[in-house]
Every structure is written in structure tokens, then in C-alpha cells.
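I'll drop the sequence and a predicted model, then ask my questions.
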Amino acid sequence: MIRLEEKQIELEGQKYTLRCNMAVLERVEEAHGDMEAVMALTVRQSSLEFLAAMLNDDAQQRGLDIVWTTEALKRKLSYAMLQKLDIMGMVFRAISPTGAAAHRDEAEYAPENKGN
């Protein structure tokens, strides 16, 4: 089974689950015209764009009336915190066929599940 990579973050007392799903990719792409334009941004700026989209996607999924912007995130996070989240790593692993394989359920690869 392949699962989306997830990370947890708490901002302003609210816990969020970060995932780079198709809705997140679409949000960012629509905001910038295409993915190529997003990738031309600095790592910091593109990380903030994707983080805001992930936070907003999670909030929307849970029916929360919260909207995060890159400007608001700049005030809440240090650069070190942003780096530790490895947002762009999550994005690249989500869009790369080899990255998705790295997040398969580990039970699938347990020795007792392999055909001997």
C-alpha cells in the first residue's frame, strides 16, 4: 500500500497534518500559473507557498475557518523551523515515482510477507 507522507505541526494552538496531495499541488499551481513558475522561486518562498497550501488543505478538510498565507507564516516560523519541516522534500517525494515508493507500508516488505 502506498501512503502519503505526513508530518504534524502545531500553529496558534491548532494541530495540522501536512500532506502533499493533488489538491495541494493544484492550489499552488493555480496561484502561480504553472508548476514551473513555482519551482523558479527561492527554496524558502516555494516552501512557504506549499506549506500554506498544506495547512489550508488540512483546515478545509476538517471544516476549520482558517486561511494561512505565506506572509502570516513568515511571522510565525524561523528559517530553521522551515528547513526542519523539509516541505520541498515532501513535495519532491510526492511527485516522484521513486519518492512514492519510499512511503509504502513497511509491512508490505516484512520478511514474513515475501514469497519464499
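Received the coordinates, thanks. Quick caveat: nothing in here was measured; it's all calculated off a predicted structure.

when you work out contacts or count neighbours from here on, use the C-alpha atoms and nothing else.
Will do.

quickly note the distance from the spatially closest residue to Lys76 that is not a sequence neighbour to Phe50.
Nearest residue to Lys76, sequence neighbours excluded (CA to CA, 6 or more residues apart in numbering): Leu11, at 7.9 Å. Per CA to CA, to the nearest Å, Leu11 is found 16 Å from Phe50.

how about the strands in the protein?
Remark: strands assigned in the chain by DSSP state E are 7-11, 14-18.

can you list the strands that the last one pairs with?
With DSSP bridges as the test, strand 14-18 is paired with strand 7-11 (antiparallel).

the residue lying closest to Met39 once chain neighbours are set aside: neighbour count?
In this structure, Met39 finds its nearest non-sequential neighbour in Ser46, 6.9 Å apart by CA to CA, 6+ apart. Using other CA atoms under 10 Å, Ser46 is surrounded by 19 other residues.

kindly report the same for Asn56.
If you count neighbours by other CA under 10 Å, Asn56 ends up with 22.

excluding chain neighbours, what is closest to it?
According to CA to CA, 6+ apart, the nearest residue to Asn56 is Val67 (5.7 Å).

do the same with Ile87
That would be Ser47: by CA to CA, 6+ apart, it lies 5.5 Å from Ile87.
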